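> Fold the stuff below for me.
(chains A and B)
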Amino acid sequence: EAQVTQNPRYLITVTGKKLTVTCSQNMNHEYMSWYRQDPGLGLRQIYYSMNVEVTDKGDVPEGYKVSRKEKRNFPLILESPSPNQTSLYFCASRSEPNPGFYSYNEQFFGPGTRLTVL
Amino acid sequence: GDSVTQMEGPVTLSEEAFLTINCTYTATGYPSLFWYVQYPGEGLQLLLKATKADDKGSNKGFEATYRKETTSFHLEKGSVQVSDSAVYFCALSVQARRTSYDKVIFGPGTSLSVIP
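Next up is the predicted model:
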């Protein structure tokens, strides 16, 4: 089954304790992204990756790190979490648009990780 | 900058009622437009999309037409069901600066509850 998986699904932690949220996709997609969802703000992109070893900042990258050492995995790292990072996090993946003409390929989302930082 | 505005709700409708969720956007160039749906406890799923002006996206009885002149992409369904209860996000894709990457910008979401 084609899917994006995230772990853990729920996490409660304390300020300053490093954590990693894993994301894995089995569709051989080139593009992967991390979003956070907050009430009234919709989804905001944290980081994205266009392929292995190619990552870039999204709209709200402060306090987060990512890596893309393998095509299928795109972990999100919070080196020193703070309470304002309490949120619902989604990983997503999609295939690279076909060259020559524009087509936005469907983005597949993971089930989400609810993070609470005390 | 590029942005999406949509009615936030919550919207509560009776089963078989007509649904409209308004969405307007601001963007440079010619964005693609999307509606995503998020069922309780799940990630987002693409509901429908339109890639150019006057295109109509449709899926599962939902429809939306890309209106360039009014910069709108309103979501409609003629007869909602209890199973349509979810959060609906309007979104657009734009070319990011400096790279060939096309990013998606989401609206704040509209919560829909359909009661029997």
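> Tell me the bridge partners for residue B:111.
The residues paired with residue B:111 through beta bridges, assigned by DSSP bridges, are residue B:87.
> Could you pull up the contacting residues of residue 4?
Went with chain A since none was named. With Cβ atoms under 8 Å, 6 or more residues apart in numbering or on different chains as the criterion, the residues that contact residue A:4 are A:23, A:24, A:25, A:27, A:91, A:92, A:93, A:108, A:109, A:110, B:43. (Each C-beta comes from the backbone N, C-alpha and C, glycine too.)
> Sorry, I should have been clearer: chain B.
Residue B:4 makes contact with A:42, B:23, B:24, B:25, B:26, B:90, B:91, B:92, B:105, B:106, B:107, according to Cβ under 8 Å, 6+ apart.
> Just the closest of those to residue A:114, please.
Closest approach between the contacts of residue B:4 and residue A:114, by Cβ to Cβ: residue A:42, at 16.6 Å.
> Next, work out how far apart that closest one and chain B are.
Distance check for residue A:42 against chain B: by Cβ to the nearest Cβ, to the nearest Å, it reads 4 Å.
> burial measure for the closest residue to that residue other than its chain neighbours, as a count.
Ranked by Cβ to Cβ, 6 or more residues apart in numbering or on different chains and with sequence neighbours excluded, the top spatial neighbour of residue A:42 is residue B:106, at 4.0 Å. By other Cβ atoms under 10 Å in any protein chain shown, the residues close to residue B:106 number 22.
> quick one: contacts for residue B:106?
A:35, A:42, A:43, A:44, B:4, B:36, B:89, B:90, B:91.
> Mind checking which of those are in strands?
Here DSSP state E is the test, and the contacts of residue B:106 give A:35, A:42, A:43, A:44, B:4, B:36, B:89, B:90, B:91 as lying in strands.
> of those residues, the lowest pLDDT goes to which?
Scanning the ones in strands among the contacts of residue B:106 for pLDDT, the smallest score is found at residue A:42, 87.
> OK, contacts around residue A:28?
A:71, A:72, A:95.
> Buried subset of the contacts of residue B:4, written for ChimeraX?
Buried residues among these (16 or more other Cβ atoms under 10 Å in any protein chain shown), as a ChimeraX selection:
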select /A:42 /B:23,24,25,90,91,92,105,106,107
